[in-house]
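# Starting from these lines, generate the structure:
(chains A and B)
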Amino acid sequence: MTEHRVFHSMGIPVHITMVGFSAQDANQATQKAETIFKEYDLRFSRFKPESELMGLNTSNGAWHKVSVDLFRVIKRCVALAAETDGAFDPSVGGVLASYGYGLPEHFVLREPIATYRDLAFNDRELLIRLEPGQILEPACVVKGMAIDVAGKAVLEMTDIKKQGFMINAGGDIFTAGIFENNTPWNIAVQSPENPNAIVAAVALQNRGMATSGTYQTGGEHKGKKWQHLVNMKSPESAPEITSATVVATTCEQADTEASLAILLSKTDAIARLERSGLPYFLIDNKGMVHKNAAFAALEVPIESVME
Amino acid sequence: MISFLSKNIQKFLVFFFTAISLILVVMGVSRIKKPVVTAEVPQPAPQAPVDTQGATTIAGDNYQTPWGSALASVTVKDGKVIAVKMPSIPPSPPSVYAEPFLVDQALKAGGANIQGVSGATYTSLAFKSSLESAIAKAAAQGQTITPNTTTSAQTAGAVKPSVPRQYRDDDEGENEWDD
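All right, here's what the predicted structure looks like:
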């Protein structure tokens, strides 16, 4: 028996497919997952005035006490920023807020933009100090984390030899156990050109997969187009990779690496993914595919899943 | 006299084969240097460790590929190539154009064996198809749900309402999408 449940959190639909679950277990699993998503949303949302992140984002210039979770998340973002030499920077929150995307409202960006290097940490007391006008957005790490933690909670009530489930949170997917008839889960990669088309499909089990792209979240501000993945080193540059799909043990890693691939140059993105050894599938701005053998090994021919 | 000659021949042979292998290696390296499009698929796994005492490692030219810089090297011992290393050539198969396959109709018709679609933040397909199949399956199980706006991807900005939609058992529903 396959059970489906959908709830909304973090501004995205979260769809859970459960195989071999009773309706009652499916309800319970969904409730667990939803609670976890709500917790993450409440802690890390840049869209909720009452979130812990907003508390930090409005404490500029002064030391601010945060929870261990938020401290770790911001530290993780800073580590990623250092690894990418600032191409990724959690300070992107200010840029996005100035476009009207997320809080604070009517935000005016100060030049020069404060960067991750301007953040100050007190590890012992869990204190963080932001520069005046600095707004942090750790979403690139947080969404994957929420899926992983929710996945872990559902996994506790799953016998992966006989059951399975898939959590699909706005296109970031975690799979565990089996789909119907003991088969793995077939997951497709959406075409960046056409939302009703796919460009690849893989068979997944007990792994996470995320696709990042410049083609969905974005808008226009003062006649200029923007999108949510901003290279903070050169905000005006157009990304060379338009769609990045990464498979990893955790959704956090898959999502983070996929987002970074969009921010980095094509050469740097591929070099970073090669070092990680993770299966990847990239489409560049000329429509060309770049993937590694690890991804090809997971692939199933599209024709075979279409009929 | 004879031993002197054979010693020289030995030396000559060692030199000769060393030279030949080096030429072959250089030819090989310069061939790889040609168009990137021909970049060959997966490199063989690194060889089992061999006795490298007295061996010399010679690095080829460093050159750029779209996947990063590639530097090949060979290790020669006693005139034999005992190891070839392609440290930074990623095992990328040749690039191909991303060919899109329309799946919307197939999914609706229940003809696609796809459980999820990975896409950027808010994808209509991921949501629509999975929700539609969910609805289809729920209906097949004799449940009824009323989907609301699932028609198109919204540009984010506005936070979607947090209304959990669960499938309650209800009356019999007709379903033509069952797969």
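
# for the chain, which helix is longest?
All of this is about chain A. Criterion DSSP state H: the longest helix present in chain A is helix A:23-44.

# my question was about chain B
As assigned by DSSP H, the longest helix anywhere in chain B is helix B:2-32.

# Show me what that one is packed up against.
Judged by 3 or more C-beta pairs under 8 Å, 6 or more residues apart in numbering or on different chains; DSSP states H and E, the packing partners of helix B:2-32 are strand B:56-65, strand B:68-77, strand B:80-85. All C-beta spots, glycine's among them, are computed from the backbone N, C-alpha and C.

# can you tell me which residues contact the residue lying closest to A:C77 once chain neighbours are set aside?
Spatial nearest neighbour of A:C77, chain neighbours left out: A:P90 (3.9 Å); criterion: C-beta to C-beta, 6 or more residues apart in numbering or on different chains. By C-beta atoms under 8 Å, 6 or more residues apart in numbering or on different chains, A:P90 lies in contact with A:74, A:77-78, A:81, A:116, A:136-138.

# Now with 10 Å, please.
A:P90 makes contacts with A:73-74, A:76-78, A:80-81, A:115-116, A:119, A:134-141, A:232, as judged by C-beta atoms under 10 Å, 6 or more residues apart in numbering or on different chains.

# Show me those that map onto helices.
Using DSSP H, the subset of the contacts of A:P90 located in helices is A:73-74, A:76-78, A:80-81, A:139-141.

# Which of those residues sits closest to A:F7?
Set against A:F7, the nearest of the ones in helices among the contacts of A:P90 by C-beta to C-beta is A:A139 (18.7 Å).

# wait, that closest one sits on A:V92?
Yes - at 9.2 Å, A:A139 counts as touching A:V92 under the criterion of C-beta atoms under 10 Å.

# Count the neighbours of A:E105 for me.
A:E105 is flanked by 8 other residues according to other C-beta atoms under 10 Å in any protein chain shown.

# element containing it?
A:E105 belongs to no helix or strand when assigned by DSSP states H and E.

# Tell me who's in contact with it.
A:49, A:97.

# still on that earlier bit, ok, which pair from the ones in helices among the contacts of A:P90 is furthest apart?
Maximum pairwise distance in the ones in helices among the contacts of A:P90, criterion C-beta to C-beta, is 15.0 Å, between A:V78 and A:A139.

# So between those two, which is more surrounded?
Using other C-beta under 10 Å as the criterion, A:V78 and A:A139 rank with A:A139 on top: 26 against 21.

# which element follows the longest helix of chain A toward the C-terminus?
That would be, after helix A:23-44 and using DSSP H and E, helix A:52-57.

# Now the helix or strand following that next one: buried residues?
Downstream of helix A:52-57, the next assigned helix or strand under DSSP H and E is strand A:63-65. Neighbour-count burial for strand A:63-65 flags A:H64 (criterion: 16 or more other C-beta atoms under 10 Å in any protein chain shown).

# list the helices and strands strand A:63-65 packs on?
helix A:52-57, strand A:120-122, strand A:127-129 (3 or more C-beta pairs under 10 Å, 6 or more residues apart in numbering or on different chains; DSSP states H and E).

# who's in contact with that strand?
With contacts defined as C-beta under 10 Å, 6+ apart, strand A:63-65 is touched by A:52, A:55-59, A:70-71, A:120-122, A:125-130.

# One more pass at 8 Å, please.
A:55-56, A:120, A:122, A:125-130.

# what's the closest of these to A:A146?
So of the contacts of strand A:63-65, ranked by how close each gets to A:A146 (C-beta to C-beta), first place is A:L56, at 18.2 Å.

# From A:R43, how far off is the closest one?
According to C-beta to C-beta, to the nearest Å, A:L56 and A:R43 sit 10 Å apart.

# shared neighbours of these two, anything?
Common contacts of A:L56 and A:R43 (C-beta under 8 Å, 6+ apart): A:L70.

# Show me where chain B dips below the pLDDT cut-off.
B:1-5, B:29-52, B:59-74, B:79, B:81, B:83-96, B:103-111, B:120-179 (pLDDT under 70).

# per the record, what domains does chain B have?
In terms of domains, chain B is parsed into B:2-85, B:98-156+B:165-179 (source: automatic domain parsing).

# And chain A, by the same measure?
For chain A, automatic domain parsing gives the domain ranges A:2-39+A:140-306, A:52-136.

# Present the ones you listed as CSV; the columns should include mean pLDDT.
What follows is the domains of chain A, written out as CSV (pLDDT from 0 to 100):
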stretch, mean pLDDT
domain A:2-39+A:140-306, 89
domain A:52-136, 91
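
# Of those domains, flag the one that's most buried.
domain A:2-39+A:140-306 (a mean of 21; mean count of other C-beta atoms under 10 Å in any protein chain shown).

# End to end on that one, go ahead and measure it.
Length of domain A:2-39+A:140-306, first residue to last, C-alpha to C-alpha, to the nearest Å: 20 Å.

# now stretch A:269-284
First-to-last distance for stretch A:269-284 - C-alpha to C-alpha - comes to 11 Å.

# Just the residues contacting that stretch, thanks.
Contacts for stretch A:269-284 (C-beta under 8 Å, 6+ apart): A:189, A:192, A:199-200, A:202, A:240-248, A:253-254, A:257, A:260-262, A:264, A:266, A:289-292, A:294-295, A:297-298, B:66-68, B:90, B:92, B:98.

# Only C-alpha atoms, please: export stretch A:132-147 in PDB.
Once non-C-alpha atoms are left out, stretch A:132-147 reads as follows in PDB (Å, rounded to 0.1, in the frame of the first residue of the first chain):
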ATOM      1  CA  PRO A 132      25.400  47.200  10.900                       C
ATOM      2  CA  GLY A 133      23.100  46.500   7.900                       C
ATOM      3  CA  GLN A 134      24.200  42.900   7.600                       C
ATOM      4  CA  ILE A 135      21.400  40.300   7.000                       C
ATOM      5  CA  LEU A 136      22.100  36.600   7.000                       C
ATOM      6  CA  GLU A 137      20.300  34.000   4.900                       C
ATOM      7  CA  PRO A 138      21.400  30.400   5.700                       C
ATOM      8  CA  ALA A 139      18.600  28.800   3.600                       C
ATOM      9  CA  CYS A 140      21.000  27.000   1.400                       C
ATOM     10  CA  VAL A 141      22.000  24.800   4.400                       C
ATOM     11  CA  VAL A 142      18.800  24.800   6.300                       C
ATOM     12  CA  LYS A 143      16.300  23.300   3.900                       C
ATOM     13  CA  GLY A 144      18.400  20.200   3.400                       C
ATOM     14  CA  MET A 145      19.000  19.800   7.100                       C
ATOM     15  CA  ALA A 146      15.200  19.900   7.700                       C
ATOM     16  CA  ILE A 147      14.700  17.100   5.200                       C
END
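
# Any residue of it touching chain B?
No - using C-beta under 8 Å from any C-beta of the partner chain, stretch A:132-147 never reaches chain B; the gap is at least 8.6 Å.

# Just give me how far that stretch sits from the chain centre.
Centroid separation between stretch A:132-147 and its chain, computed with C-alpha atoms, centre = their mean, to the nearest Å, is 9 Å.
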